[in-house]
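**Student:** could you look at this predicted model? Sequence included:
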Amino acid sequence: RSFSSEKDIHKDYAVPNPTWSEDLRLLYEQFMKKCEDGSWERLPSYRQHPAGGCSDFQARHLDPSAMKELTSRARLFTRSFEDGLGFEYVMFCNDAEKRVVCILQGGPHLQGMPGLFHGGAILTIIDATAGMCAKRIGKVVLTANLNVNFKRPIPLCSVVVLNAQLEKAEGRKFFVSCTVHSGDGRTLHTEAT
Ligand SMILES: CCCCCCCC(=O)SCCNC(=O)CCNC(=O)[C@H](O)C(C)(C)COP(=O)(O)OP(=O)(O)OC[C@H]1O[C@@H](n2cnc3c(N)ncnc32)[C@H](O)[C@@H]1OP(=O)(O)O
(Lines give C-alpha, C1' and ligand atoms only; values in the text may rest on other atoms or scores of the structure.)
Protein backbone atom coordinates (compact mmCIF):
# COMPACT_ATOMS: atom_id res chain seq x y z
CA ARG A 1 0.00 0.00 0.00
CA SER A 2 1.40 3.41 -0.91
CA PHE A 3 2.67 5.31 2.10
CA SER A 4 2.77 8.62 0.35
CA SER A 5 -0.93 9.45 -0.05
CA GLU A 6 -1.98 12.70 1.65
CA LYS A 7 -4.68 10.78 3.53
CA ASP A 8 -2.16 8.28 4.83
CA ILE A 9 0.25 11.00 6.02
CA HIS A 10 -2.44 12.64 8.16
CA LYS A 11 -3.88 9.35 9.44
CA ASP A 12 -3.72 8.86 13.23
CA TYR A 13 -2.26 5.39 13.78
CA ALA A 14 -2.76 5.38 17.57
CA VAL A 15 -6.17 3.74 17.30
CA PRO A 16 -7.31 0.08 17.15
CA ASN A 17 -6.99 -1.78 13.86
CA PRO A 18 -7.95 -5.35 12.91
CA THR A 19 -4.45 -6.69 13.74
CA TRP A 20 -4.80 -5.80 17.42
CA SER A 21 -5.05 -8.67 19.91
CA GLU A 22 -7.71 -8.84 22.61
CA ASP A 23 -5.04 -7.98 25.20
CA LEU A 24 -4.06 -4.77 23.41
CA ARG A 25 -7.71 -3.77 22.94
CA LEU A 26 -8.43 -4.33 26.66
CA LEU A 27 -5.46 -2.17 27.70
CA TYR A 28 -6.51 0.52 25.21
CA GLU A 29 -10.03 0.57 26.66
CA GLN A 30 -8.62 0.75 30.22
CA PHE A 31 -6.54 3.80 29.33
CA MET A 32 -9.28 5.44 27.29
CA LYS A 33 -11.42 5.20 30.44
CA LYS A 34 -8.67 6.98 32.40
CA CYS A 35 -8.84 9.79 29.84
CA GLU A 36 -12.50 10.47 30.68
CA ASP A 37 -11.68 12.71 33.68
CA GLY A 38 -8.94 14.49 31.73
CA SER A 39 -6.07 13.22 33.90
CA TRP A 40 -4.78 11.10 31.00
CA GLU A 41 -4.69 11.98 27.30
CA ARG A 42 -4.31 9.69 24.29
CA LEU A 43 -1.51 10.97 22.04
CA PRO A 44 -2.27 10.82 18.31
CA SER A 45 0.52 9.37 16.18
CA TYR A 46 1.23 10.01 12.51
CA ARG A 47 3.56 8.59 9.87
CA GLN A 48 5.28 11.95 9.54
CA HIS A 49 6.30 14.52 12.12
CA PRO A 50 4.09 17.60 11.90
CA ALA A 51 5.88 20.33 9.92
CA GLY A 52 7.71 23.06 11.85
CA GLY A 53 8.55 22.93 15.52
CA CYS A 54 12.19 21.92 15.13
CA SER A 55 13.39 24.27 12.37
CA ASP A 56 16.26 25.72 14.42
CA PHE A 57 17.48 22.22 15.23
CA GLN A 58 17.18 21.22 11.57
CA ALA A 59 19.04 24.38 10.50
CA ARG A 60 21.87 23.47 12.84
CA HIS A 61 22.23 19.84 11.76
CA LEU A 62 20.80 19.46 8.26
CA ASP A 63 21.35 20.88 4.79
CA PRO A 64 18.16 22.91 4.18
CA SER A 65 18.35 22.35 0.41
CA ALA A 66 18.14 18.58 0.94
CA MET A 67 15.52 18.82 3.69
CA LYS A 68 12.38 19.07 1.56
CA GLU A 69 13.16 16.07 -0.64
CA LEU A 70 14.39 14.05 2.34
CA THR A 71 11.42 14.68 4.59
CA SER A 72 8.89 14.21 1.79
CA ARG A 73 9.98 10.54 1.61
CA ALA A 74 10.54 10.15 5.34
CA ARG A 75 8.42 8.06 7.70
CA LEU A 76 8.59 7.88 11.48
CA PHE A 77 10.47 4.58 11.97
CA THR A 78 7.93 3.13 14.39
CA ARG A 79 5.10 3.92 11.93
CA SER A 80 6.83 2.57 8.82
CA PHE A 81 5.57 -1.04 8.98
CA GLU A 82 2.42 -2.50 7.45
CA ASP A 83 -0.40 -2.88 10.02
CA GLY A 84 0.34 -5.60 12.54
CA LEU A 85 3.87 -6.39 11.37
CA GLY A 86 5.85 -3.85 13.40
CA PHE A 87 5.02 -1.58 16.30
CA GLU A 88 1.31 -1.49 17.11
CA TYR A 89 1.22 1.05 19.92
CA VAL A 90 -0.59 3.91 21.59
CA MET A 91 0.91 6.42 24.01
CA PHE A 92 -1.03 8.12 26.80
CA CYS A 93 0.32 11.02 28.85
CA ASN A 94 -0.43 12.32 32.33
CA ASP A 95 1.22 15.74 32.38
CA ALA A 96 0.44 16.38 36.07
CA GLU A 97 2.41 13.24 37.00
CA LYS A 98 5.00 13.83 34.20
CA ARG A 99 4.35 10.31 32.91
CA VAL A 100 3.88 8.69 29.52
CA VAL A 101 2.56 5.15 29.17
CA CYS A 102 2.89 3.21 25.93
CA ILE A 103 0.87 0.05 25.27
CA LEU A 104 2.56 -2.02 22.58
CA GLN A 105 1.97 -5.19 20.60
CA GLY A 106 5.18 -6.11 18.77
CA GLY A 107 4.68 -7.61 15.31
CA PRO A 108 6.45 -10.58 13.68
CA HIS A 109 8.84 -8.32 11.76
CA LEU A 110 10.48 -7.21 15.01
CA GLN A 111 12.10 -10.58 15.68
CA GLY A 112 15.63 -10.84 17.09
CA MET A 113 16.38 -14.30 18.48
CA PRO A 114 13.74 -16.77 17.19
CA GLY A 115 10.44 -16.06 18.91
CA LEU A 116 11.78 -13.05 20.78
CA PHE A 117 11.58 -9.29 20.40
CA HIS A 118 14.75 -7.77 18.92
CA GLY A 119 16.72 -5.79 21.52
CA GLY A 120 16.97 -2.88 19.10
CA ALA A 121 13.19 -2.85 18.71
CA ILE A 122 12.82 -2.68 22.49
CA LEU A 123 15.34 0.19 22.56
CA THR A 124 13.38 1.96 19.84
CA ILE A 125 10.06 1.96 21.65
CA ILE A 126 11.79 2.89 24.95
CA ASP A 127 13.50 5.80 23.13
CA ALA A 128 10.17 6.90 21.65
CA THR A 129 8.26 6.64 24.96
CA ALA A 130 10.93 8.23 27.16
CA GLY A 131 11.53 10.81 24.40
CA MET A 132 7.84 11.68 24.40
CA CYS A 133 7.93 12.04 28.20
CA ALA A 134 10.75 14.62 27.89
CA LYS A 135 9.12 16.24 24.85
CA ARG A 136 5.93 16.95 26.83
CA ILE A 137 8.05 19.47 28.77
CA GLY A 138 11.05 20.18 26.53
CA LYS A 139 9.05 20.51 23.23
CA VAL A 140 12.09 19.74 21.00
CA VAL A 141 14.26 16.99 22.50
CA LEU A 142 17.06 14.67 21.40
CA THR A 143 18.21 11.57 23.23
CA ALA A 144 21.68 12.20 24.64
CA ASN A 145 22.11 8.98 26.57
CA LEU A 146 20.10 5.76 26.89
CA ASN A 147 21.03 3.03 29.35
CA VAL A 148 19.04 -0.23 29.27
CA ASN A 149 19.01 -3.42 31.32
CA PHE A 150 17.32 -6.32 29.55
CA LYS A 151 16.01 -8.40 32.49
CA ARG A 152 13.76 -10.92 30.72
CA PRO A 153 13.29 -11.55 26.99
CA ILE A 154 10.03 -10.38 25.48
CA PRO A 155 8.07 -13.00 23.50
CA LEU A 156 7.47 -11.84 19.95
CA CYS A 157 3.91 -10.58 19.27
CA SER A 158 3.20 -10.22 22.99
CA VAL A 159 1.65 -7.10 24.52
CA VAL A 160 3.77 -5.01 26.88
CA VAL A 161 3.32 -1.76 28.81
CA LEU A 162 6.01 0.90 28.97
CA ASN A 163 6.00 3.39 31.84
CA ALA A 164 8.14 6.50 31.38
CA GLN A 165 8.54 8.92 34.29
CA LEU A 166 10.34 12.26 34.28
CA GLU A 167 12.70 11.98 37.27
CA LYS A 168 14.24 15.47 37.15
CA ALA A 169 14.92 18.42 34.88
CA GLU A 170 18.07 20.54 35.03
CA GLY A 171 17.69 23.43 32.57
CA ARG A 172 17.39 21.77 29.17
CA LYS A 173 18.46 18.35 30.45
CA PHE A 174 15.64 15.90 31.23
CA PHE A 175 16.22 12.67 33.12
CA VAL A 176 13.60 10.02 32.39
CA SER A 177 13.26 6.43 33.66
CA CYS A 178 11.33 3.82 31.70
CA THR A 179 10.26 0.24 32.42
CA VAL A 180 8.77 -2.42 30.17
CA HIS A 181 6.35 -4.84 31.85
CA SER A 182 4.29 -7.71 30.49
CA GLY A 183 0.67 -6.78 29.73
CA ASP A 184 -0.48 -8.36 33.03
CA GLY A 185 2.13 -6.32 34.93
CA ARG A 186 3.68 -9.45 36.47
CA THR A 187 7.00 -9.52 34.60
CA LEU A 188 9.57 -6.74 34.46
CA HIS A 189 11.21 -7.26 31.07
CA THR A 190 13.37 -4.15 30.71
CA GLU A 191 14.39 -1.05 32.62
CA ALA A 192 16.05 2.04 31.20
CA THR A 193 17.12 5.61 31.92
C1 LIG B 1 8.30 12.58 20.10
C2 LIG B 1 9.20 11.71 19.36
C3 LIG B 1 10.25 11.17 20.25
C4 LIG B 1 11.27 10.52 19.40
C5 LIG B 1 12.41 10.12 20.29
C6 LIG B 1 13.61 9.89 19.44
C7 LIG B 1 14.75 10.67 20.01
C8 LIG B 1 15.99 10.28 19.25
O9 LIG B 1 16.25 9.13 18.97
S10 LIG B 1 17.00 11.57 18.79
C11 LIG B 1 18.24 10.76 17.84
C12 LIG B 1 19.37 10.23 18.71
N13 LIG B 1 20.03 11.31 19.37
C14 LIG B 1 20.89 12.14 18.70
O15 LIG B 1 21.11 12.01 17.50
C16 LIG B 1 21.53 13.24 19.50
C17 LIG B 1 22.95 13.48 19.06
N18 LIG B 1 23.59 14.30 20.10
C19 LIG B 1 23.43 15.66 20.05
O20 LIG B 1 22.82 16.23 19.17
C21 LIG B 1 24.10 16.42 21.16
O22 LIG B 1 25.10 15.63 21.80
C23 LIG B 1 23.06 16.83 22.24
C24 LIG B 1 21.99 17.72 21.61
C25 LIG B 1 22.41 15.59 22.85
C26 LIG B 1 23.77 17.59 23.34
O27 LIG B 1 24.58 18.52 22.69
P28 LIG B 1 24.54 20.08 23.12
O29 LIG B 1 23.20 20.61 23.02
O30 LIG B 1 25.64 20.76 22.38
O31 LIG B 1 24.84 19.99 24.65
P32 LIG B 1 26.26 19.91 25.35
O33 LIG B 1 26.73 21.31 25.53
O34 LIG B 1 27.15 18.90 24.69
O35 LIG B 1 25.82 19.29 26.75
C36 LIG B 1 24.80 19.99 27.46
C37 LIG B 1 24.68 19.30 28.77
O38 LIG B 1 24.23 17.97 28.53
C39 LIG B 1 25.15 17.02 29.05
N40 LIG B 1 25.26 15.91 28.14
C41 LIG B 1 25.50 15.96 26.81
N42 LIG B 1 25.55 14.71 26.29
C43 LIG B 1 25.37 13.86 27.36
C44 LIG B 1 25.31 12.44 27.49
N45 LIG B 1 25.49 11.64 26.43
N46 LIG B 1 25.09 11.91 28.69
C47 LIG B 1 24.93 12.71 29.76
N48 LIG B 1 24.96 14.06 29.73
C49 LIG B 1 25.18 14.63 28.53
C50 LIG B 1 26.49 17.77 29.10
O51 LIG B 1 27.30 17.20 30.11
C52 LIG B 1 26.05 19.16 29.50
O53 LIG B 1 25.71 19.14 30.87
P54 LIG B 1 26.14 20.44 31.76
O55 LIG B 1 25.44 21.59 31.12
O56 LIG B 1 25.64 20.08 33.12
O57 LIG B 1 27.64 20.53 31.65
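**Tutor:** Perfect, thanks for sending it.
**Student:** for this protein, give me the ranges with low pLDDT.
**Tutor:** Residues of the chain meeting the criterion pLDDT under 70: 1-7, 50-54.
**Student:** who in the chain is up against the ligand?
**Tutor:** Proximity of the chain to the ligand, by C-beta under 6 Å from any ligand atom, involves residues 127-128, 131-132, 135, 142-145, 173. No exception for glycine: its C-beta is placed from N, CA and C like everyone else's.
**Student:** which of the residues you listed has the most neighbours?
**Tutor:** With neighbours set by other C-beta atoms under 10 Å, the maximum within these is found at A128, which has 26 neighbours.
**Student:** so it sits in a helix?
**Tutor:** Yes. Counting by DSSP: H, G, I helix; E, B strand; the rest coil, A128 falls inside a helix.
**Student:** hang on, it packs against T78?
**Tutor:** Yes. Judged on C-beta atoms under 8 Å, A128 makes contact with T78 at a distance of 5.7 Å.
**Student:** what do the two both touch?
**Tutor:** Shared contacts of A128 and T78 (C-beta atoms under 8 Å, 6 or more residues apart in numbering): none.
**Student:** not counting its neighbours along the chain, what's nearest N17?
**Tutor:** Counting by C-beta to C-beta, 6 or more residues apart in numbering, N17 lies nearest to D83, which is 5.2 Å off, once chain neighbours are set aside.
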